[in-house]
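K.L.:
Here you go, sequence then predicted model.
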Amino acid sequence: MGLPDRKDVPVHQTWDVGILYENDDAWQKDIEAEKKALADFSKYDQKLNDPETIISALDDLGEMEVRMDLLGHYGFLQQSTDMTDPHYNQLLRILDQLEADYNAELAKYRAQIMDNDNETLDAVSDKRPDLGAAIREFKRIKKHRLSSEVESALSSIEPTLSSFEGIYTTCRAADMSFPDFEVDGKTYPLSFVLYENSYTLAGGLYQLQSNDYTRSWGMFSAAAILVSVPVLIIFFCIQKYMVSGLTAGGVKG
């Protein structure tokens with residue numbers, strides 16, 4: 001017996017998002033609370049240059065991250081059960097916009113933390129060992145980070161940069177299926193379900209900037225350039241044929 005469509009799965013076997021939020025109104029209330037917390041975070045602007053202030057900012061950021069995690073799961077889990085439901089899609093669009101604003105705004109504050117020397121950052125983890133993992137991540141990222149302006153700009157267009165992953169998710173979760181195909185007597189599965197076992201370049205690139213705490217845009221940009229090299233090599237090898245074809249097609253008889 002085949003698997004049922006997602007819309008036909010019994011309710012008791014689906015995600016119980018009620019443990020996250022009682023209803024959409026409660027979720028929307030937390031959306032507004034997150035927006036306010038993001039606006040209030042501006043009190044740290046240009047002040048993140050000593051361990052005590054950095055610790056206070058990271059504590060506030062931790063609370064915001066927890067709320068974002070709850071908001072994200074409430075929006076995503078419902079939409080993942082039925083990609084064709086317009087209401088679920090609307091929830092996810094609201095969430096995507098919030099995440100874009102959130103990441104773009106916080107990029108400059110993360111940059112200000114990374115502007116500190118390693119001694120200051122180490123003092124933070126000495127005072128608060130529980131923040132050690134975050135400090136190690138900041139120290140790792142600062143080696144190849146971009147300017148705060150570029151980081152903010154890239155974060156603001158993250159939904160666009162992540163659109164290929166969204167297309168894949170839509171295709172997979174909407175229960176699309178494709179027949180196997182045969183080449184030289186060998187049968188190959190044409191399935192989005194196998195995606196996790198064999199990442200495409202686009203999927204691999206997405207993993208470089210899908211960290212919920214810090215976006216490694218420097219590494220992402222470097223990888224994007226590297227994966228474009230084979231395409232450029234192919235283009236340069238066959239460009240004369242492409243140009244001659246365009247020229248031939250553009251000449252009037």
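P.N.:
Arrived safely. Numbering: from 1, shown residues only.
K.L.:
how much space between Glu105 and Phe236?
P.N.:
Taking C-beta to C-beta, to the nearest Å as the measure, Glu105 falls 41 Å from Phe236. Backbone N, C-alpha and C define where each C-beta goes, glycine included.
K.L.:
Ser221 contacts Arg145, doesn't it?
P.N.:
No. In this structure Ser221 lies outside contact range of Arg145 using C-beta atoms under 8 Å: 10.4 Å.
K.L.:
who's more crowded, those two?
P.N.:
Each of Ser221 and Arg145 has its neighbours counted (other C-beta atoms under 10 Å); Arg145 has more, 22 against 17.
K.L.:
quick one, phi psi at that one?
P.N.:
When quoted as degrees, to the nearest 10, the phi and psi of Arg145 stand at phi -80, psi 160.
K.L.:
At which residues are the helices of the stretch 151-253 of the chain located?
P.N.:
Taking DSSP state H, counting those that start in this stretch, the helices of the stretch 151-253 of the chain run over residues 158-161, 163-173, 201-208, 217-250.
K.L.:
That should have said the stretch 1-150 of the chain, apologies.
P.N.:
Using DSSP H, counting those that start in this stretch, the helices of the stretch 1-150 of the chain run over 24-40, 51-81, 86-114, 118-127, 132-141, 148-156.
K.L.:
For Glu182, find the nearest of those helices.
P.N.:
Proximity to Glu182, assessed across the helices of the stretch 1-150 of the chain by C-beta to C-beta, is greatest for helix 51-81 (32.2 Å).
K.L.:
chain center to the closest one: distance?
P.N.:
With C-alpha atoms, centre = their mean, to the nearest Å as the basis, helix 51-81 stands 14 Å off its chain's centre.
K.L.:
That helix - contacts with which helices or strands?
P.N.:
helix 24-40, helix 86-114, helix 118-127, helix 163-173 (3 or more C-beta pairs under 8 Å, 6 or more residues apart in numbering; DSSP states H and E).
K.L.:
want to throw the ones you listed into CSV with mean pLDDT, distance to Val66 and mean neighbour count?
P.N.:
CSV is the format used below for these (pLDDT from 0 to 100; distance: least, C-beta to C-beta, whole Å; neighbours: other C-beta atoms under 10 Å):
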stretch, mean pLDDT, distance to Val66, mean neighbour count
helix 24-40, 95, 10, 14
helix 86-114, 87, 13, 18
helix 118-127, 95, 20, 16
helix 163-173, 67, 24, 15
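K.L.:
Could you export those to CSV, including columns for distance to Ile54?
P.N.:
CSV is the format used below for these (distance: least, C-beta to C-beta, whole Å):
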stretch, distance to Ile54
helix 24-40, 17
helix 86-114, 6
helix 118-127, 5
helix 163-173, 32
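K.L.:
Out of the ones you listed, flag the one nearest Glu151.
P.N.:
Nearest to Glu151 among the helices and strands packed on helix 51-81 is helix 86-114; the distance by C-beta to C-beta comes to 4.1 Å.
K.L.:
residues in contact with the closest residue to Arg136 other than its chain neighbours?
P.N.:
Take Arg136 and drop its neighbours on the chain: the residue closest to it by C-beta to C-beta, 6 or more residues apart in numbering is Ser125, 7.7 Å away. Taking C-beta atoms under 8 Å, 6 or more residues apart in numbering, we find Ser125 in contact with 131-132, 135-136.
K.L.:
Now do Ser125 against Asp115, distance only.
P.N.:
As judged by C-beta to C-beta, Ser125 and Asp115 stand 17 Å apart.
K.L.:
swap in Leu205?
P.N.:
Distance from Leu205 to Asp115, by C-beta to C-beta: 27 Å.
K.L.:
quick one, which of those two is more surrounded?
P.N.:
When neighbours are counted by other C-beta under 10 Å, Leu205 comes out ahead of the other of Leu205 and Asp115, with 22 against 13.
K.L.:
I'd assumed Ala224 was in contact with that one.
P.N.:
Yes. If you go by C-beta under 8 Å, Leu205 and Ala224 touch, sitting 6.1 Å apart.
K.L.:
ok, back up a step: right, and the helices of the stretch 1-150 of the chain - which one's nearest Asp184?
P.N.:
Asp184 lies closest, by C-beta to C-beta, to one member of the helices of the stretch 1-150 of the chain: helix 51-81, at 37.2 Å.
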